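Participant: I'll drop the sequence and a predicted model, then ask my questions.
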Amino acid sequence: MNEGSPFTIGDQMLIMSEHEQAIRSRLGHMDSSGFETRFWEKDGRLWLREENDPAVTGAMGWIKIAETMKQRIPELQKFAAEIKAAGFERAVLAGMGGSSLAPLVLSETLGKNGKGIPVEVLDSTDPATVLRIQRGGLLEKTLFIIASKSGTTAEPTAYDEYFYDQVSKLKPNPGENFVAITDPGTELEKTAAARGFRRTFQNFADIGGRFSALTYFGMVPAALMDIDLDKLLERAIDVINENSGKKPSESPAMVLGATLGALAELKIDKCTFWVPESLASVGLWLEQLIAESTGKEGKGILPVAGEMPGTPSEYGSDRVFAYLRPHGEDCTYLDARIATLRDAGEPIVWITINDTYDIAREFMRWELATAVAGSVIGINPFDQPNVQEAKDVTKALIAQVEKDGALPVAKPDAEADGLKFFGAVTGDSLAEMVCNFVGDEKPGDFVTIQAYLTESKEMTEALDKLQCCLRDSTKLATTKGYGPRFLHSTGQFHKGGPNGGHFIQLTQDIGEDVQLPGRRYTFGTFRDAQVLGDNETLVKHGRRVIRIHLGRDPLNGVKKLTQALESKPMVAHA
């Protein structure tokens, strides 16, 4: 690496400016300590654990998974042909987090070829979203893929119960419309057997959910969409070959991981992803991988995905920018924005993507880099303790509903312009309440918009503007995500990472609701329980959080919040 100049290694270029010395120092230490040998031998001591700690060694099967899955291609192709021959017209992958985000990426980037069976992803408890999936095609011609590593994840269990009940009203053998993907011996595997599911794919117990993109969780839907599995997996194998057997300073993925880790130690710990619209879903996958892997023990790298590009003056000093740039695509606008950041001395990672099958390269590159970054900052990247904590609180609330028939009802702490505020807020107007909540920011803090709202193009555009307005007003990294999706990704960082977050929960009235069979609650109640569970867990960990209930017209409510911020500019301190 030549100080002061771009460092190109493989298909990635790093522009680190004044931070190069710290990165070179870290790589030099890794080179001299035999890091690469210990990494590929899965030495748990790299992550502050015992040499053969199963919490690490038992979670690194993903390193060789592409080679393993290459051997399963005939099996997957045979299965896809069987589904097509049976007359299925679409498939729904029902899962959360690591079980759903890779399929979402594959569906959005490679699944539009028109040759296979289209795959939709369901990862929401929002009743309107569930109904959209239900009404999006003939249920008797829909294959439901229930995906859960643990086999007990609450959302996939609810999807299974609801849609199995719906299909059973239409045909005598509803199990023919269901497939399970889960680890061996789980409750889901038992349920699948009892209900006569068409197939259960046993995934690999030594691979965590967010590292499972190239396992059955990703490859089953890929096969259904008639994606070229051999080509896809070969791209991932290429990455392994490019990185194994080399010193960290000569390994692209290890250089990337060491860079992210070294920058995080310098408090440059907000990794901002810039991708064109064609790769937007990749940002969601990267967000989950990095936040859930690194956000713990008060440490972590906060990924920022789906943010409108800004200018250097609109950012604080805690950003590193990762630009995934497709070769041959017109990215004039993003190229120009990146140039201004480079001229301002901002740290930049520039990765060239040759074609959409390079998505598999990114899966493997970033999995390797994230594991390395975890070692640098001194955490175990393979566990997720606080995700389970929030699940347990939600489970207790649902148990209360089963007993009492309803969730507890809270009175708002304040109201303004038709919106209800819950939590510690001050001020006499909507603008003052929002600005006062985020206005006590310190350098390195961040803002998170937790949108427990129905996802739509219009809502996403409105949230984009709110996110941008908050960022520009405070210079703080500002993230957004739809609930409950983010609970299985950035949720770990929110509770276990650095305590610098200002959390704004947005909720809405439930319109048409969906009753779960054999339960005393609906999908709407389930979602409300997740809101309360998330809130309670954040408060328990000393996080700053408010909830703003937007009422019957959430789109208008989001616009009101943006207008309030625009009407009362804040002085940024970051």
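Facilitator: That came in fine, so what should we check first?
Participant: What count of nearby residues applies to the closest residue to S429 other than its chain neighbours?
Facilitator: Nearest residue to S429, sequence neighbours excluded (CB to CB, 6 or more residues apart in numbering): A416, at 5.9 Å. All C-beta atoms are positioned from the backbone trio N, CA, C, and that covers glycine. The local packing count at A416 equals 20, with neighbours defined by other CB atoms under 10 Å.
Participant: M433 is in contact with A416, correct?
Facilitator: Yes: A416 lies in contact with M433 (CB atoms under 8 Å); the separation is 5.9 Å.
Participant: Give me the phi and psi angles of the residue nearest to S429.
Facilitator: phi -160, psi 130 (degrees, to the nearest 10).
Participant: Next one, pLDDT for it please.
Facilitator: Listed pLDDT for A416 reads 95.
Participant: next one: the one 5 residues further on
Facilitator: According to the predicted model, the pLDDT of F421 comes to 97.
Participant: next one: M570
Facilitator: At M570, pLDDT is 62.
Participant: just to revisit the earlier point, which residues are in contact with both of A416 and M433?
Facilitator: Residues touching both A416 and M433 by CB atoms under 8 Å, 6 or more residues apart in numbering: G427.
Participant: just to revisit the earlier point, quick one: the residue nearest to S429 from A564, how far?
Facilitator: Distance from A416 to A564, counting by CB to CB, to the nearest Å: 9 Å.
Participant: Now the common contact residues for these two.
Facilitator: Joint contacts of A416 and A564 (CB under 8 Å, 6+ apart) are 429-430.
Participant: in the stretch 251-400 of the chain, which spans are helices?
Facilitator: 252-265, 280-294, 332-343, 359-377, 385-404 (DSSP state H, counting those that start in this stretch).
Participant: Take the second one, keep the C-alpha atoms, and write them as CSV.
Facilitator: Presented in CSV, the C-alpha positions along helix 280-294 are these (Å, rounded to 0.1, in the frame of the first residue of the first chain):
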residue,chain,number,x,y,z
ALA,A,280,-30.5,-2.0,-3.5
SER,A,281,-31.3,-5.3,-1.8
VAL,A,282,-27.6,-6.1,-1.5
GLY,A,283,-27.4,-3.2,1.0
LEU,A,284,-30.1,-4.9,3.2
TRP,A,285,-28.1,-8.1,3.2
LEU,A,286,-24.8,-6.3,4.0
GLU,A,287,-26.6,-4.4,6.8
GLN,A,288,-27.7,-7.6,8.5
LEU,A,289,-24.3,-9.3,8.1
ILE,A,290,-22.3,-6.5,9.6
ALA,A,291,-24.6,-5.2,12.3
GLU,A,292,-25.6,-8.6,13.7
SER,A,293,-22.0,-9.8,13.6
THR,A,294,-20.1,-6.9,15.1
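Participant: from memory F363 sits against L214, does it?
Facilitator: Yes: the criterion here is CB under 8 Å, and F363 meets it with L214 at 6.0 Å.
Participant: list residues touching both of these two?
Facilitator: 102, 236.
Participant: Give me the buried positions along the lowest-mean-pLDDT helix or strand in the chain.
Facilitator: Ranking every helix and strand in the chain by mean pLDDT, DSSP states H and E puts helix 385-404 at the bottom, with a mean of 85. Buried residues in helix 385-404, counted by 16 or more other CB atoms under 10 Å: 386-387, 389-391, 393-394, 397-398, 401.
Participant: swap in stretch 462-477?
Facilitator: Applying 16+ other CB under 10 Å to stretch 462-477 flags 462-463, 465-477 as buried.
Participant: Contacts for it, please.
Facilitator: By CB under 8 Å, 6+ apart, stretch 462-477 touches 270, 272, 302, 304, 306-308, 310, 314-316, 318-319, 435, 438-439, 441, 445-447, 449, 451, 478-480, 502, 555, 558-559, 561-562, 565-566, 569-570, 572-574.
Participant: List buried members of those residues by neighbour count.
Facilitator: 270, 272, 302, 304, 306-307, 310, 315-316, 318-319, 435, 438-439, 441, 445-447, 449, 451, 478-480, 502, 555, 558, 561-562, 565, 570, 572, 574.
Participant: can you list the weak-confidence ranges in the protein?
Facilitator: 1-5, 569-574 (pLDDT under 70).
Participant: Give me the most central residue, it.
Facilitator: Q288 (2.8 Å; CA atoms, centre = their mean).
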